[in-house]
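Enquirer: Mind folding the following:
(one chain, ligands or ions: 1)
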Amino acid sequence: MDDDLAIYRDAVVKFVEAEMVPHDAAWRKQQHVGREIWRKAGEFGLLCTDVPAELGGVGGDFRHEAVLYEELARRGLSGFGQGVHSICAHYLVNHGTDDQRRRFLPRMASGELIGAIGMTEPGAGSDLQGLKTRALRDGDSYVINGSKIFITNGYLAGLIALVVKTIPGAGAKGTSILMVETQDLPGFRVGRILDKMGMKSQDTAELFFEDVRVPAANLLGGVEGQGFYQLMGDLPYERALIAVAGVGAMEGALATTIQYVKERKAFGRAIAEFQNTKFKLAELATKTRIARVFVDDCIARIVAGTLDTVTASMAKYWITDMQQEVLDECVQLHGGYGYMNEYLVCRLFADARVQRIYGGTNEIMKELISRSL
Ligand SMILES: Cc1cc2nc3c(=O)[nH]c(=O)nc-3n(C[C@H](O)[C@H](O)[C@H](O)COP(=O)(O)OP(=O)(O)OC[C@H]3O[C@@H](n4cnc5c(N)ncnc54)[C@H](O)[C@@H]3O)c2cc1C
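Expert: From the prediction side, this is the model:
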């Protein structure tokens with residue numbers, strides 16, 4: 001943090017409190033946040049904050065991204081899929097052709113084009129070698145057939161970084177990423193918005209492709225067979241982002257729990273006065289602080305360009321495991337109210353569960369870490 005960033009955080013908090021918090025309940029009911037908030041966030045300068053200005057972004061760095069993730073996570077605003085939007089933008093920044101960056105990044109920064117990442121399929125999650133969606137070259141186009149599942153921002157997305165097989169059966173070498181613009185695209189269909197345990201306002205969806213034609217100029221980087229290499233390069237960024245959100249949620253839960261136990265009474269005194277409560281809160285605050293120190297180190301490393309895959313995997317796995325532990329205790333300290341959706345702690349708890357699953361499961365993180373030992 002520095003003074004400029006503190007001013008930026010104040011502005012972000014004001015925006016989030018005014019434009020998002022009042023709509024959260026309605027968004028959760030309709031299972032998506034709608035397009036208007038994306039445009040407003042774009043106008044306010046909250047999208048693509050760490051994309052260079054000459055490429056159409058805001059020209060800040062990952063700290064600016066982190067500020068927004070934290071402020072959303074603290075308030076349980078899990079429907080606004082800005083993380084995935086940013087990852088999608090970073091594929092373009094790091095691997096896109098000049099033409100692709102020019103065509104997509106300014107519209108992503110303005111919120112006109114909402115980004116998604118289409119990797120997972122019904123038969124291939126952790127094991128991406130098993131992908132089946134194929135895109136075969138036909139003249140100046142690729143023709144896509146297949147389906148994706150669990151796609152964050154899937155319902156609202158206007159641009160999907162779609163992982164496809166350009167040479168079926170050729171393993172990693174046959175894998176590419178196509179940037180798919182979805183508006184009025186014949187053969188493209190969004191399935192239902194999936195009914196999840198948590199993240200109720202997030203439009204996680206199934207996507208279907210039937211003879212969908214995409215210009216060959218939308219092949220990320222312009223060279224076939226680079227998909228796995230492109231994916232691997234950007235995974236530390238994605239994992240750090242999940243860890244940042246994890247710490248934000250822990251801090252938000254701790255704050256609301258401290259407030260709650262001071263107000264709630266049992267046996268003639270505040271819940272906060274029981275020794276068990278004091279000790280639990282001390283443990284939770286310590287775990288949260290350790291997670292904060294770790295994630296701040298990751299943020300600094302991203303800004304310096306030195307975050308490695310192993311450290312990012314450690315942060316993703318350890319912080320999201322801690323998030324689950326901390327959230328569980330916070331619910332317990334709320335008693336029955338902690339099980340009610342109208343309480344922030346309940347929503348944070350339900351949202352937390354998937355953090356250990358997406359972005360590469362925590363088991364896959366441990367695989368990656370162990371290979372370096
Ligand atoms: C809410 C939500 C949002 C998501 N958003 C996106 C998105 O935007 N884009 C996208 O592409 N995907 C997305 N995903 C998909 C997510 O990344 C996958 O669910 C995840 O990678 C796991 O894949 P899977 O579900 O197929 O589980 P599987 O791969 O079938 O795993 C099942 C279990 O087996 C374990 N396992 C698998 N392989 C190994 C191994 N080698 N060693 C030990 N254990 C192993 C796993 O850890 C897990 O516990 C999202 C998922 C959810 C739930």
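Enquirer: Enumerate every residue touching Glu325.
Expert: Shown in contact with Glu325 (C-beta atoms under 8 Å, 6 or more residues apart in numbering): Lys287. Bear in mind the C-beta positions are built from the backbone N, C-alpha and C, glycine included.
Enquirer: Could I get the full set of strands for the stretch 51-200 of the chain?
Expert: With DSSP state E, counting those that start in this stretch as the definition, the stretch 51-200 of the chain shows strands at residue ranges 115-118, 134-138, 141-151, 159-165, 175-181, 188-193.
Enquirer: Compare those and report which one is nearest to Arg356.
Expert: Of all these, the one in closest proximity to Arg356, counting by C-beta to C-beta, is strand 141-151 (14.4 Å).
Enquirer: Return the list of helices and strands in contact with the closest one.
Expert: If contacts are counted by 3 or more C-beta pairs under 8 Å, 6 or more residues apart in numbering; DSSP states H and E, strand 141-151 sits against strand 115-118, strand 134-138, strand 159-165, strand 175-181, strand 205-215.
Enquirer: so what's the closest residue to the ligand within the stretch 51-200 of the chain up against?
Expert: Closest residue of the stretch 51-200 of the chain to the ligand, C-beta to the nearest ligand atom: Gly125 (1.8 Å). When contacts are counted by C-beta under 8 Å, 6+ apart, Gly125 touches Phe150.
Enquirer: now do the one 4 residues further on
Expert: Residues in contact with Gln129, defined by C-beta under 8 Å, 6+ apart, are Gly171, Ala172.
Enquirer: Would you quantify the distance from it to Thr49?
Expert: Per C-beta to C-beta, to the nearest Å, Gln129 is found 34 Å from Thr49.
Enquirer: and if you look at Ile151?
Expert: Counting by C-beta to C-beta, the gap from Ile151 to Thr49 is 23 Å.
Enquirer: Same check on Ile290?
Expert: 27 Å.
Enquirer: out of those two, which sits in the busier spot?
Expert: Set side by side, Ile290 and Thr49 show more neighbours around Thr49, with 24 against 14, by other C-beta atoms under 10 Å.
Enquirer: Give the closest residue to the more buried one in space, chain neighbours not counted.
Expert: Spatial nearest neighbour of Thr49, excluding adjacent residues (C-beta to C-beta, 6 or more residues apart in numbering): His64 at 3.7 Å.
Enquirer: Among the helices and strands packed on strand 141-151, pick out the one with the most neighbours on average.
Expert: For the helices and strands packed on strand 141-151, the largest average neighbour count (mean count of other C-beta atoms under 10 Å) is found in strand 115-118, namely a mean of 28.
Enquirer: contacts for it?
Expert: Under C-beta under 8 Å, 6+ apart, the answer for strand 115-118 is 81, 84-89, 91, 108, 133, 148, 151-154, 157-163, 180, 207.
Enquirer: Neighbours of Arg202, how many?
Expert: Quick fix: residue 202 is Gln, not Arg. By the criterion of other C-beta under 10 Å, Gln202 has 27 neighbours.
Enquirer: Count the neighbours of the closest residue in space to it that isn't next to it in sequence for me.
Expert: If you skip the residues right next to it in sequence, Gln202 has Gly79 as its closest partner in space, 4.6 Å away by C-beta to C-beta, 6+ apart. Burial of Gly79, expressed as a neighbour count using other C-beta under 10 Å, amounts to 27.
Enquirer: wouldn't Gly79 be in contact with Asp203 here?
Expert: Yes: when contacts are counted by C-beta atoms under 8 Å, Gly79 is listed as touching Asp203 (7.4 Å).
Enquirer: Give me the common contacts of these two.
Expert: His32, Val33.
Enquirer: Looking at this protein, which helix is longest?
Expert: Ranked by residue count and defined by DSSP state H, the top helix of the chain is helix 227-263.
Enquirer: and the angle from that helix to strand 159-165?
Expert: Between helix 227-263 and strand 159-165, the angle formed by their directions is 130 degrees, by axes from the mean of the first three to the mean of the last three C-alpha atoms, to 10 degrees.
Enquirer: now helix 227-263 and strand 175-181, what's the angle there?
Expert: In terms of direction (the same axes, to 10 degrees), helix 227-263 departs from strand 175-181 by 70 degrees.
Enquirer: For the stretch 101-250 of the chain, which residues are neighbours of the ligand?
Expert: By the rule C-beta under 6 Å from any ligand atom, the part of the stretch 101-250 of the chain lying against the ligand is Ile117, Gly118, Met119, Thr120, Gly125, Ser126, Phe150, Ile151, Thr152, Lys196, Met199, Thr204.
Enquirer: show me the contacts for the nearest residue to Leu231 once chain neighbours are set aside.
Expert: Taking C-beta to C-beta, 6+ apart, and ignoring the residues beside it in sequence, Leu231 has Val163 as its nearest neighbour in space, at 6.9 Å. If a contact means C-beta under 8 Å, 6+ apart, then Val163 has Ile117, Gly118, Met119, Leu128, Leu131, Thr133, Thr175, Ser176, Ile177, Gly227, Leu231 as its contacts.
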